[in-house]
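1. what follows is a predicted structure for the sequence shown.
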Amino acid sequence: MTEAGVEFANVSYTLPGQGNLPGRSLLRNVSLRLEAGTTTALLGRSGSGKTTLLRMVNGLVWPTLGDVLVYENTVSRSKLELLRRSIGYVIQEAGLFPHMTVERNAGLALELAGRPKPEIAKRAAEVLGLAGLDFEEFRGRYPRQLSGGQRQRVGLARALATDPAILLMDEPFGALDPMTRAEMQTMLRELLERVRKTVLLVTHDLDEALYLANRVVFLEQGEVVADVLASEVLTSSSVHVKHYVSAVHRKVYS
């Protein structure tokens, strides 16, 4: 059996209750095994539990029940500082520090780890290149001097700086226009073919999931309702998958 990069073992999550009112359940009995080196997309309505599940991987959310394992190590028993260095995290608005240059943003994780400045500069140049930005051209710029797509490239470079085994991506291209989003998807697909990370991607975009992922997991009201190879989504017999596909790929009649 192929090694698991990430595993969710009967994971549930319930918000704390208030007074006599019970807490709301966000995830229920989720069991998933993400093979190392593959990309898995999570699809579902807003509030279906996608981001909550993703944030459990790096210990930003703790399961109420069940366990999350990263390369067979239980997250709840891991040293979070070391765990998070092995995980890259990319969010929708890039989350760059506005007072830092592109070079410093890209190498920040290495700076916080106390690595030597020459090593940080070398690695920043490498990861910015992987993300499609010329180091000498962009190293001294600030986030305000970049386009939305360029900021996301810097955010991706920063996530790759420590050479993490796992990459978490939460709607990374959701704020971009369609043309820029398509360019970023192409860049990311080519990059992932080169670096072979274990990727968990949260998205609302079905076509993005099909283009980037090996596998698509559909969530509804905190439960996994379908788990399908990306190549089989459009022909799946699952009612839940069919409903999602028909909502996205609507026919227009004249």
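-> In hand now; what should we look at?

2. immediately after the helix or strand of the chain with the lowest mean pLDDT, which helix or strand?
-> For the chain, the helix or strand with the lowest mean confidence is helix 80-85, at a mean of 86 (criterion: mean pLDDT, DSSP states H and E). With elements assigned by DSSP states H and E, the helix or strand that comes after helix 80-85 is strand 87-90.

3. packing partners of that next one?
-> Helices and strands touching strand 87-90, as assessed by 3 or more C-beta pairs under 8 Å, 6 or more residues apart in numbering; DSSP states H and E, comprise helix 148-160, strand 166-170. Every residue, glycine included, has its C-beta placed from N, CA and C.

4. strand partners of the last one, parallel vs antiparallel please.
-> Read it as strand 166-170. strand 87-90 (parallel), strand 198-202 (parallel) (DSSP bridges).

5. dump the residue contacts of residue 171.
-> Counting by C-beta atoms under 8 Å, 6 or more residues apart in numbering, residue 171 touches 91, 92, 202, 203, 204.

6. quick check: of those residues, which lies closest to residue 140?
-> Proximity of the contacts of residue 171 to residue 140 (C-beta to C-beta) peaks at residue 91, which lies at 24.1 Å.

7. let me see the contact set for that closest one.
-> 155, 170, 171, 172.

8. apply 10 Å and report the result again.
-> Neighbouring residues of residue 91 by C-beta atoms under 10 Å, 6 or more residues apart in numbering: 51, 152, 155, 159, 168, 169, 170, 171, 172, 174, 175, 202.

9. output those in TSV; the columns should cover pLDDT and distance to residue 26.
-> What follows is the contacts of residue 91, written out as TSV (pLDDT from 0 to 100; distance: C-beta to C-beta, whole Å):
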residue	pLDDT	distance to residue 26
51	94	10
152	90	27
155	93	26
159	93	25
168	95	17
169	94	20
170	93	15
171	90	17
172	87	22
174	80	20
175	77	24
202	95	14
